[in-house]
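The following comprises the amino acid sequence and a computationally predicted model.
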Amino acid sequence: MEAKREWPTTLRDPKHFYKMYYNEIQALSHNIVCGCCSTLDHKLSKFVRVPAHLQLLQPLSVNRNLVPFPFESGIRELDDANIMIDPLSLDAENIWLCKHCYAVLQGKTMPASAIANFN
């Protein structure tokens, strides 16, 4: 009975709801691709953005003769070392890596799900 008397309740300021909506949409509006395994997600918190330097990505080097298609990334240092990455992961001179692949690459091994592992 009390709820009927108080209905309709006053809503919070519409700006609050718009701000919540805007923040959620902004957080999910990114298509991020892992350069190592090509995983696609929208949450920045699941990825690490790293400079495209040779040392971390060295385990992704493949024998060019075993790959029947071109896999150049456009980054000369990586292309010269035959490092296979997903070009959709490039952000200027940086590469997005999912946190799993990043952790495995820091151990200087190729992740099992890496595209350079012919997945």
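That came in fine, so what should we check first? Bear in mind the structure is a predicted one, so any value in this text is a computation, not a measurement.

ok, and the closest non-adjacent residue to residue 33?
Using Cβ to Cβ, 6 or more residues apart in numbering and skipping the chain neighbours, the partner closest in space to residue 33 is residue 88 (4.2 Å). C-beta here means a position set from N, CA and C on the backbone, and glycine is covered the same way.

any idea how far residue 57 is from that neighbour?
16 Å (Cβ to Cβ, to the nearest Å).

Which of those two has more residues huddled nearby?
Neighbours were counted for residue 88 and for residue 57 using other Cβ atoms under 10 Å; residue 57 has more, 25 against 14.

Looking at the more buried one now. What's its pLDDT?
On the pLDDT scale, residue 57 is placed at 95.

Any chance you could list what contacts the helix or strand hosting it?
Assigned by DSSP states H and E, residue 57 belongs to helix 54-57. By Cβ atoms under 8 Å, 6 or more residues apart in numbering, the residues outside helix 54-57 that reach it are 35, 50, 77, 78, 81, 83, 85, 95, 105, 106.

Quick check: the farthest pair among the residues you listed?
77 and 106 (19.0 Å; Cβ to Cβ).

Now do the SS call for the residue nearest to residue 33.
helix (DSSP: H, G, I helix; E, B strand; the rest coil).

tell me which helix or strand of this protein sits lowest on mean pLDDT?
helix 2-6 (a mean of 76; mean pLDDT, DSSP states H and E).

And that one, how far out from the chain middle?
49 Å (Cα atoms, centre = their mean, to the nearest Å).
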